[in-house]
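> Show me the folded form of this:
(one chain, ligands or ions: 1)
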Amino acid sequence: MPQIIDGKAISTQIKDELKSRVEALKAQGVSVCLAVIQVGSDPASSVYVGNKKKACAYVGIKSLAYELPEETTQEELLALVRELNGRKEVNGILVQLPLPAHIDEDAVIRAIDPAKDVDGFHPQSVGALCIGQPGFVSCTPAGIIQLLKRSGIEIAGRECVVIGRSNIVGKPMALLLLQENGTVTVAHSKTRHLKEVARRADILVVAVGKPKMITREYVKEGAVVIDVGIHRSAENKLCGDVDYDDVAPLCSAITPVPGGVGPMTIAMLMNNCVEAAAAR
Ligand code: NDP
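Next up, the predicted model:
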């Protein structure tokens, strides 16, 4: 039987540690505050924003919610970001993606002060990660490193294959695994012989955005499998990019969906907010 990596329990452990840090910061007169901006009312985004607010309340972080109408202009949004950049009591700024099509997401991300870029999407944060300097790291891949470490899974020296090369998951994931001394391969939609490449992995991280694409043919016996995907079926059931029932019997450890990577993303967002406040 594989080790089921319990993201819910590990994320709660992290949030409880953060709660103590927030209390200690408060005792020194430092409060932690996250501003969350949502433009429009995409239902999935509203669920994510709601979960972030709940996590803030749990950890003791003050959250400011800006719910802007769909027709907000880019200039109006940039003006709000600039205003929040200038407000001392705001430690973190998060703009919920995706934004409506008439707004240039890159321009908005670039406008966030890198010292408040708790999502880790600003080019300065990404550049710092690339050259191993301090900076905010994208929450999902940072959470996966925590899942591995806190589950006692060694990364150094092991073959790590990341399937997916998005800016928010695949690329930072590969850089973090490299930083932990893994031997890293990044696969994507143009990769030839994907099954053979994936089967090299001691640690396989899957972020392809295709429900249940990864079956046992992609997995070496004894591998650790981390499933980043989240999909909701017509019957309202959640599944990942990995066909869990097919793959699990072959693995040494695996993350379930739900309850694996998902809860870690928010825990690491809370961590970045606390780091931002502590650094000030
Ligand atoms: P993107 O769609 O941005 O990226 C998908 C990547 O997978 C691309 O690099 C693409 O390659 C690659 N890919 C697509 N099809 C194939 C294929 N058939 N074979 C090999 N590679 C393929 O997705 P994200 O990285 O944003 O997200 C991935 C998944 O993770 C989604 O299901 C998303 O919902 C989920 N997610 C979950 C989070 C969580 O908190 N648990 C957070 C963020 C995302 P190419 O570059 O060549 O197009």
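
> Give me the below-cutoff pLDDT ranges for the chain.
When residues are selected by pLDDT under 70, none of them lie in the chain.

> for the lengthiest helix in it, which positions count as buried?
Using DSSP state H to define each element, the chain has its longest helix at helix 7-27. Buried residues in helix 7-27, defined by neighbour count with 16 or more other C-beta atoms under 10 Å: 7, 10-11, 14-15, 18-19, 21-22, 25. Where you see a C-beta, it was placed from the backbone N, CA and C, and this is true even at glycine.

> roughly how far is that helix from the heart of the chain?
On the basis of C-alpha atoms, centre = their mean, to the nearest Å, helix 7-27 sits 17 Å off its chain's mean C-alpha point.

> Counting by contacts, list what that helix packs against.
Secondary structure elements in contact with helix 7-27, counted by 3 or more C-beta pairs under 8 Å, 6 or more residues apart in numbering; DSSP states H and E, are helix 43-59, helix 139-150, helix 262-279.

> got the residues of this protein near the ligand?
When proximity is defined by C-beta under 6 Å from any ligand atom, the chain lies next to the ligand at 140, 163-166, 168-170, 187-191, 194, 207-210, 228-230, 241, 261-262, 265.

> ok, now with 5 Å
For the chain, the contact set with the ligand under C-beta under 5 Å from any ligand atom comprises 140, 164-166, 169, 188-189, 207-209, 228-230, 261-262, 265.

> Among these, name the buried ones.
140, 164-166, 169, 207-208, 228-230, 261-262, 265.

> Now for the residues you listed: which two are most distant?
The largest separation in those, counting by C-beta to C-beta, is between Arg165 and Gly262 at 20.7 Å.

> for the nearest residue to Gly209 once chain neighbours are set aside, helix, strand, or coil?
By the measure of C-beta to C-beta, 6 or more residues apart in numbering, the closest residue to Gly209 outside its immediate chain neighbours is Gly229, 6.1 Å from it. Secondary structure assignment for Gly229 (DSSP: H, G, I helix; E, B strand; the rest coil): coil.

> Gly229 and Leu64, how far apart?
The span separating Gly229 from Leu64 equals 31 Å under the rule C-beta to C-beta, to the nearest Å.

> Give me the three-state assignment for the residue lying closest to Leu238 once chain neighbours are set aside.
Nearest in space to Leu238, with sequence neighbours left out and distances taken as C-beta to C-beta, 6+ apart, is Pro258 at 4.9 Å. Three-state assignment for Pro258 (three-state DSSP): coil.

> Pro258 reaches Cys239, doesn't it?
No: counting by C-beta atoms under 8 Å, Cys239 is not a contact partner of Pro258; they are 9.1 Å apart.
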